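1. sequence isn't available, so here's the structure alone:
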C-alpha cells in the first residue's frame, strides 16, 4: 500500500505529484458519516471512539498541512444535542467540515426535517461549518439502495451518484434551509449532470403540489439550492 | 365523475376535445403491471381475474376505437411460461402492449436478468409487443421508494419520474437486450430530462467497470438504449 494512504506527510507529496492543491478526506474505518460507530449500541464507547477519531484527524492527519488536507469530522447522531456539542468542540480545534449521512433512516437517525436536528443546525450556522453528504452513506449494508439482489453489479455503480437526489430533495423540501439560511451542505461524489433536470423537477413539484403538501417553503427549491447547497464533480468533458 | 373515465365512447369524445389522437391506458383497479392481482396468493383465481380483465380491455374498453385507445395488458408474472402464453393469447385478440413492473422484486418476481424471464422475452420478440414500464409500479405499498417515513411529501413527487433509472439500468446491463435485440420497452411517465446524464453515466460505468463486473454486454449501454428503449414526456418547454 502506498504510504500516502496512511501517512499525511507522504500524502502531501502525492498531492504535489497529482497537482492537487487541497482535498477533503472522508472517514474510512469509521464509515462515511461515522456509520460504523453509530451502529455501536454502547453509546459512551461509541462517543469516545468518535472523539478519539476527530482528535486524531486534528492532531495527526490534517496536522501535516491543515490548509491542504481538510478532514470531515463525525458526530454522535443518536443524540443531536451531543452532536452539536461535538461540532463546537472540533470547530474550536480547527476542523472545517463534517460528514452527514445520505440515508439517515438506515442508521435509525431521524430525517433532516425532524425538529430533533435543530441543535445541530444551530451549531452549524453559528460556526459556519458545512456538512458533506457523501453518496451512499448510511448503514454499512448498502442493500437499501438496490431494489433486487439479482441486479447486475453495474446497476449500483450506475445509480450511486444520482442517488443523492433523495437527500437533496429532503433538504430542499424539509424547510430547514428556509429556517436556517446560513446552513451549507455539499452533495459529495454525486456528480452534477443530474442537477439541471432535478432542479427543474423540484421547482415543478413545488409549483404544482404546494397546495396539498402543506409545503414548508415559500421560495422555489432551486433558490434554496443556490443559497445553501454545493455539489462536486470528478470528470468534465 | 366524468363519464370518459369509465365509458370508452365518452372517452373518445373527451380525447377529441383535448386534441388527443391516441393514448395508452394503464390498469387502475388491477394496479400497474397487474400488481394487485399478482399479490393474490390463490393463483388460479388471480389468473382468471387477469384473463377477464384483459378480455374486458379487448371486448369493451378499446373496442370503442382500437386505433385510438391502446390498452396495456397484464400478465401472471408468478409463472413466466404462463405469462408468455397469456401474451400470445391477448396478442391474437388484438392487444398491442403490456404493462411490466418497475420494481419486480417488490412483487416477489425475479429480476429481469433472471433466465426464468426467457419464455416471455421470446414471446415479446415473436409478437413484437412492447412492454410499458410505468414509474413506481410494483407492490401496492410504495414505501420501497422512500428512504424515510418522515420525508416531506414532495420528495416522493420529485423523485418518482427518475426512479425509473433503476429499471432502465437493469435492462441495459442485464444482457437481455443483447440476447433479444427485438425486445421493446417504454419507460412510461418517467420524463426524459434525466436521460442524457443517465446514459453518459451508464456508458462510463460500462467503460470503466466491465473488467470486474463480468459484464453481459459488449456494446455500449447507450447503443442498447437506442435499439430497444423508448421514453415519454408530459411537458416540454
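-> Okay, I see it. Just so we're clear, the structure is a prediction, and the values are computed from it rather than from any experiment.
2. where does the prediction get shaky in chain A?
-> Residue ranges of chain A with pLDDT under 70: A:140-149.
3. most remote residue from it's center?
-> residue A:211 (30.9 Å; Cα atoms, centre = their mean).
4. for the helix or strand that residue falls within, packing partners?
-> Per DSSP states H and E, residue A:211 falls inside helix A:195-213. Other elements packing on helix A:195-213 under the criterion 3 or more Cβ pairs under 8 Å, 6 or more residues apart in numbering or on different chains; DSSP states H and E are helix A:165-174, helix A:221-228, helix B:153-159. The C-beta positions use only the backbone N, C-alpha and C, and glycine is treated the same way.
5. redo that, cut-off 6 Å
-> helix A:221-228, helix B:153-159 (3 or more Cβ pairs under 6 Å, 6 or more residues apart in numbering or on different chains; DSSP states H and E).
6. buried ones in stretch A:28-43?
-> The neighbour-count check on stretch A:28-43 (16 or more other Cβ atoms under 10 Å in any protein chain shown) flags A:30-39 as buried.
7. what two of the residues you listed are the furthest from one another?
-> Using Cβ to Cβ, the buried residues of stretch A:28-43 reach their maximum pairwise distance at A:32 and A:39, which is 12.4 Å.
8. where do the contact lists of those two overlap?
-> Residues touching both residue A:32 and residue A:39 (Cβ atoms under 6 Å, 6 or more residues apart in numbering or on different chains): none.
9. in stretch A:98-111, which residues are buried?
-> So stretch A:98-111, judged by 16+ other Cβ under 10 Å, has buried residues A:98-107, A:109-111.
10. what about those, which are in strands?
-> A:98-100 (DSSP state E).
11. out of those, which is nearest to chain B?
-> Comparing those against chain B with Cβ to the nearest Cβ picks out residue A:100 as the nearest, at 13.7 Å.
12. that closest one reaches residue A:133, doesn't it?
-> Yes. With contact defined as Cβ atoms under 6 Å, residue A:100 counts as touching residue A:133 (5.4 Å).
13. residue A:5: which of the buried residues of stretch A:28-43 is nearest?
-> Nearest to residue A:5 among the buried residues of stretch A:28-43, with distances taken as Cβ to Cβ, is residue A:30, at 15.9 Å.
14. residues contacting residue A:14?
-> Per Cβ under 6 Å, 6+ apart, neighbours of residue A:14: residue A:4.
15. any idea how far the host helix or strand of it is from the chain center?
-> Taking DSSP H and E as the definition, residue A:14 sits inside helix A:8-18. Centroid separation between helix A:8-18 and its chain, computed with Cα atoms, centre = their mean, to the nearest Å, is 25 Å.
16. after that helix, next one along is what?
-> Following helix A:8-18 in sequence, per DSSP H and E, is strand A:23-25.
17. show me what the one helix or strand residue A:46 maps to is in contact with.
-> Here residue A:46 sits within helix A:43-56, counting by DSSP H and E. Here helix A:43-56 makes contact (Cβ under 6 Å, 6+ apart) with A:30, A:34, A:37, A:40, A:73-74, A:76, A:90.
18. I'd like the residues you listed laid out as a markdown table, including secondary structure and distance to residue A:237.
-> Below are the contacts of helix A:43-56 laid out as a markdown table (DSSP: H, G, I helix; E, B strand; the rest coil; distance: Cβ to Cβ, whole Å):
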| residue | secondary structure | distance to residue A:237 |
| --- | --- | --- |
| A:30 | coil | 34 |
| A:34 | helix | 35 |
| A:37 | helix | 38 |
| A:40 | coil | 43 |
| A:73 | strand | 34 |
| A:74 | coil | 34 |
| A:76 | coil | 41 |
| A:90 | helix | 38 |
